[in-house]
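K.L.:
no sequence for this one, just the structure:
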């Protein structure tokens, strides 16, 4: 092996100066783009939330919703405050609204470029009123049987009592959809026979007591025979206990199938 070959074999590759390293420039470019995007989306005042629109609710509830959105828009990014429409979490805000305001049933939230948040809510509709036994506290109930707000009786509502549910809290179910349907079916039957219901009382023995406006009451058994019970009481009203006789009634008992007792 001659000297020329030896020098070629041990030749060391020259290092590329750092200012000529394309990989380094690529990394720096990516970091710059990333920081620019972070600034543009989260720190740019052009995207700061300064307008909150709430639709579908009363004024006092709108104020509460605006406060919830505003509080959730104030965030920190590595100790730096941000208030961008891209920094909020719609799912978190919707969950908090429904948790804090039981009257709200559904919530949708939309970002409107560049700085507006629009919240559309649907409030629960009352289908009945649940009162505690002493009648000192009454609450609206929605179609799903959820207790959602305290209310004062006006005199023309569907009112019911349920002693087994005295400890029910706001936001909880106190009555099933089937029980709600039962009340409305009975109300319709009574209305068709010129009778006015004062209130319903769900007992602990699957028995529903229906108290009439003029003092007498009806006992229903909440089982598979309920539809038949409705048919029977309609027949009783039309054939045996007519309008002018009902003022002297004490009760009608529908709990024993086709055997109907009244006094």
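P.N.:
Yep, that arrived. The structure displayed is predicted, hence computed values, not measured ones. Residues are numbered from 1 along each chain as shown.
K.L.:
all contacts plus neighbour counts: C-alpha atoms, from now on.
P.N.:
Fine.
K.L.:
For the nearest residue to residue 110 once chain neighbours are set aside, list the residues it contacts.
P.N.:
Spatial nearest neighbour of residue 110, chain neighbours left out: residue 118 (5.2 Å); criterion: Cα to Cα, 6 or more residues apart in numbering. By Cα atoms under 8 Å, 6 or more residues apart in numbering, residue 118 lies in contact with 52, 53, 54, 55, 109, 110, 111, 112.
K.L.:
Got the confidence number for the last one?
P.N.:
The per-residue pLDDT reported for residue 112 equals 90.
K.L.:
what about the chain, any weak spots by pLDDT?
P.N.:
1-22, 24-25, 28-29, 32-47, 75-82 (pLDDT under 70).
K.L.:
for it, what spans make up the strands?
P.N.:
Assigned by DSSP state E, the chain shows strands spanning 51-55, 75-77, 80-82, 104-112, 116-123, 128-131, 138-141, 147-151, 159-162, 197-202, 207-212, 217-221, 251-256, 259-262.
K.L.:
Now do the same contact list for the most centrally placed residue in the chain.
P.N.:
By Cα atoms, centre = their mean, the chain has its centre lying nearest to residue 105, at 3.1 Å. Counting by Cα under 8 Å, 6+ apart, residue 105 touches 98, 121, 122, 123, 124.
K.L.:
Just give the nearest non-adjacent residue to residue 172, would you?
P.N.:
In space, and not counting its chain neighbours, residue 172 is closest to residue 146: 5.4 Å by Cα to Cα, 6+ apart.
K.L.:
how much space is there between the one you found and residue 165?
P.N.:
Distance of residue 146 to residue 165, given as Cα to Cα, to the nearest Å: 12 Å.
K.L.:
any residues in contact with both of those two?
P.N.:
Common neighbours of residue 146 and residue 165 are listed as residue 174 (criterion: Cα under 8 Å, 6+ apart).
K.L.:
Comparing the two, which residue is more hemmed in?
P.N.:
Counted by other Cα atoms under 10 Å, residue 146 and residue 165 do not tie: residue 146 has more neighbours, with 24 against 15.
K.L.:
In this structure that one contacts residue 177, no?
P.N.:
No - applying Cα atoms under 8 Å as the test, residue 146 and residue 177 come out as separate, 10.0 Å apart.
K.L.:
tell me, what's touching these two both at once?
P.N.:
Common contact partners of residue 146 and residue 177 (Cα under 8 Å, 6+ apart): none.
K.L.:
now residue 151, which residues is it bridged with?
P.N.:
Note on residue 151: beta-bridge partners by DSSP bridges are residue 138.
K.L.:
ok, how many other residues are close to it?
P.N.:
Counted with other Cα under 10 Å, residue 151 comes out at 13.
K.L.:
Leaving out chain neighbours, which residue sits closest to residue 52?
P.N.:
Nearest non-adjacent residue to residue 52 (Cα to Cα, 6+ apart): residue 117, at 4.9 Å.
K.L.:
wait, residue 140
P.N.:
Among residues not flanking residue 140 along the chain, residue 129 sits closest, at 4.7 Å (Cα to Cα, 6+ apart).
K.L.:
likewise residue 98?
P.N.:
Excluding the flanking residues, the one nearest residue 98 by Cα to Cα, 6+ apart is residue 104, at 5.7 Å.
K.L.:
The one you found touches residue 125, doesn't it?
P.N.:
No - contact criterion Cα under 8 Å: residue 104 and residue 125 do not qualify, at 9.6 Å.
K.L.:
Compare these two (neighbour count), which wins?
P.N.:
A direct count of neighbours by other Cα under 10 Å for residue 104 and residue 125 places residue 104 higher, at 19 against 15.
K.L.:
how much space between that one and residue 152?
P.N.:
Distance from residue 104 to residue 152, by Cα to Cα: 19 Å.
K.L.:
re the thing from before, quick check, nearest of the contacts of residue 105 to residue 246?
P.N.:
Nearest to residue 246, judged by Cα to Cα, of those is residue 124 at 37.3 Å.
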